[in-house]
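Visitor: Next one to model:
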Amino acid sequence: MWTKTMHQNRPHSCRTFNAHSMENEIAIGIPANIQKNENEIIIHLSLAGYDKSEVSIKLENQDLIISTHIQEKMNTYLKQEFKKMNLKRVFRLPDSVVKDSIEAKFDNGVLKIILKKVSQEKTSINII
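Guide: Alright, predicted model coming up:
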């Protein structure tokens, strides 16, 4: 039931992969949870099986780009049902985020990115 539902909602997730042809393939989309509170936005990205050295975080203008670059050797498997691949996810940041204070932590396959917001005092406009 779960697999069928997953395939209906995500049509590209049921593709059959050939280990040799997907070395340079990039799959778009890293599962993410986004939380927001008064002072910050927190993004959790699921990167189970990836090492910290395989994850890249870049900021280009208003875009936060998270990507993976696999470093494992090609192994010969009798059967392979999951594989690490190059992934990419882009988030457009709101103007309220302080770009110089972005924090990232990688623990147990979850990348946590903390985006601090500009304090309300700085964004208020005084009319004289």
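Visitor: What's the separation between residue 90 and residue 75?
Guide: 30 Å (C-beta to C-beta, to the nearest Å). Heads up, the C-betas are built off the backbone N, CA and C, glycines and all.
Visitor: Can you pick out the residue with more neighbours from the two?
Guide: Neighbour totals were compared for residue 90 and residue 75, and residue 90 leads with 12 against 8 (other C-beta atoms under 10 Å).
Visitor: Who does residue 87 form a beta bridge with?
Guide: As for beta bridges, residue 87 partners with residue 27 under DSSP bridges.
Visitor: right, and it touches residue 30 too?
Guide: Yes. Residue 87 sits in contact with residue 30 when judged by C-beta atoms under 8 Å, with a separation of 5.0 Å.
Visitor: so what sits against both of the two?
Guide: Counting by C-beta atoms under 8 Å, 6 or more residues apart in numbering, the contacts common to residue 87 and residue 30 are 47, 68.
Visitor: between the two, which one's more packed in?
Guide: Between residue 87 and residue 30, counted using other C-beta under 10 Å, residue 87 has the larger neighbour count: 21 against 18.
Visitor: And that one, what's its pLDDT?
Guide: You'll see residue 87 listed with a pLDDT of 93.
Visitor: Please report how far it lies from residue 103.
Guide: Residue 87 is 21 Å from residue 103, by C-beta to C-beta.
Visitor: How about residue 109?
Guide: Taken as C-beta to C-beta, the span from residue 109 to residue 103 is 18 Å.
Visitor: what about the strands in this protein?
Guide: Taking DSSP state E, the strands of the chain run over residues 26-28, 32-36, 40-46, 55-60, 63-68, 86-92, 103-107, 110-116.
Visitor: among those strands, which is nearest residue 79?
Guide: For residue 79, the closest of these is strand 26-28, at 20.5 Å, according to C-beta to C-beta.
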